Every structure is written in structure tokens, then in C-alpha cells.
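Chemist: Just the structure for this:
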Amino acid sequence: MYELKICHLYPDLMRSSGDRGSLIALYKRCQWRGIEVRVSNISINDPLNYNDYDIFFIGGGQAFEQSIIKEDLNEGKKHEIIEAIEAHKIFFAVCGGFQLLGKYYRNSSDQETECIGALDIWTHECDTRLVGNLVFEVDFLSEQDKSLRGFENHSGKIYLGKGVKPLGQIVTGHGNNGQDGHEGARYKNTFCTNSHGSLLPTNPAFTDHLIMLSLLNKYPDFQGLTPLNNELENRARTQGDG
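Modeler: Next up is the predicted model:
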């Protein structure tokens, strides 16, 4: 039997806009296939050894929540997170968690808050929030699944640096900064997005892609995922399409 261990980072603090929905999607799509999955909640003062886990998940949070966990990160978790990413562990980060993986966050008063520095990205606070439905296309899924739907709500404009690719190209919405047409970020097996908790539940092929990569990491002879009935998920994803 296959087994996956998921590390949910700071679930009590980084939890805005229903981001736990994406974690539930990962859990249930494993469970429905008979894949044993365990979720560990790791927060302030909890030890973290990245080798204990196959998938890492961090949700959204405001600058205030990020400031609370900064000291805890600097006491060891920061380096474990960086090593996990460099070791090709599967990492899924949403909105504030996405920003936290970068170099810094600059607020409207030009004050900079240092972030983890795992990815060459940075965030500048903008005067108006970037809010609304989000549609973007990725290049690692099939033609019928490559168009992903989500919902964004962020006041930070994110910019990608060297070695970091966008997760996808914007069709509808703002994405990272409302300027360059990019949404999210990809680096090794790290996937970042501005789209909140509806993203993985309504885009099952993307969820399965993350599960498949994690199983391939752990079980080199893994042959592929058992298909599931995605009728409800796909109806939710395409609702409103003309």
C-alpha cells in the first residue's frame, strides 16, 4: 500500500479564505484511491524535519500573521523549508504562504519585511486589492485540463526573479501583479498560487498531478493513479463557461 505524509504548516495562523479546502482535496483524492495519508499540523514551537514528509502545504495569511511566525521560522524551520524545496519535495503554497517563500514583502510605506528566501520572488503592497475570479492556463496538464479556475484576493503584487517560472498564464483576472500576465510560481516541485481554497477542489487534474509527483518521489516504481469520477468537480470548474 502507498502512503503519503502531508505537513500542514502553521494551520492556526496561515488559514485565510478557506485555504484548507485545497488540503482536504489532496487528502480525499488519496483516500478514495486507497492511499494511506497522514496530515501533521506543524506550528510555532513544533519541531520540523523535512525528511518526515512528502507534501508540504501552507495557506494564506496577512502580513500580521507572517510577522508572528517570523521568529519561529528563524529558529530552524526556515532552513528545513528551504532544504525541502531544494530536495524536490512537493510544496504547495497559497497567497500569503506564496509571498512568505520569497525574499521580502515591501509595504506601502516602503518598509521591507524579510521572508524565507526559498524562492527568488518579492512582493510589493499595492493601494487596491486584486480580487475576483481567476482563470489561468498551465503547460503541464492535458489540453482538456490545462485551464484552471480559482479566486484571488490579495493586496500584494508579486514579481518573479531568476530561475522561477510562472505557474500559468492569465486568461481572466489579475494574477501575480496585474501587469505581466503571470499567475503563481513554479520552482522544482514547488507550486505557488494566489488562488485560495477552491483551487484544488475544482481542478482535480492539478490535485492529481501533485499527488502523482509525490508518489513518484517516494516510490520510483509507481505506475500511475487510479482514475476517479470527476463529474462534480468538473461541473464546478466549468460553471459559467459559455
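Chemist: from here on, contacts and neighbour counts on C-alpha atoms
Modeler: Fine.
Chemist: got a list of what Ile55 touches?
Modeler: Under the criterion of CA atoms under 8 Å, 6 or more residues apart in numbering, the neighbours of Ile55 are Leu4, Lys5, Ile6, Cys7, Lys89, Ile90, Phe91, Phe92, Ser214.
Chemist: Quick check: the gap between Glu152 and Asn133.
Modeler: Using CA to CA, to the nearest Å, one gets 6 Å for the distance from Glu152 to Asn133.
Chemist: thinking again about what came up before, which of the contacts of Ile55 sits closest to Arg38?
Modeler: Arg38 lies nearest to Lys5 out of the contacts of Ile55, by CA to CA, at 4.9 Å.
Chemist: Show me what the host helix or strand of that closest one is packed up against.
Modeler: Assigned by DSSP states H and E, Lys5 belongs to strand 3-9. Applying 3 or more CA pairs under 8 Å, 6 or more residues apart in numbering; DSSP states H and E, one finds that strand 3-9 contacts strand 36-42, strand 55-58.
Chemist: Check which residues of it are buried.
Modeler: The neighbour-count check on strand 3-9 (16 or more other CA atoms under 10 Å) flags Leu4, Lys5, Ile6, Cys7, His8, Leu9 as buried.
Chemist: Tell me the helix or strand right after that strand.
Modeler: Counting by DSSP H and E, the next helix or strand C-terminal to strand 3-9 is helix 20-31.
Chemist: now the angle from that next one to strand 3-9?
Modeler: 170 degrees (axes from the mean of the first three to the mean of the last three CA atoms, to 10 degrees).
Chemist: what mean pLDDT does helix 20-31 have?
Modeler: The average pLDDT within helix 20-31 is 96.
Chemist: follow-up on the earlier one: check the buried residues of strand 3-9 against Gly197 and report the nearest one.
Modeler: The shortest approach to Gly197 among the buried residues of strand 3-9 belongs to His8, at 13.9 Å (CA to CA).
Chemist: Could you double-check that that closest one lies in contact with Asp46?
Modeler: No. Counting by CA atoms under 8 Å, His8 does not reach Asp46; the two are 11.7 Å apart.
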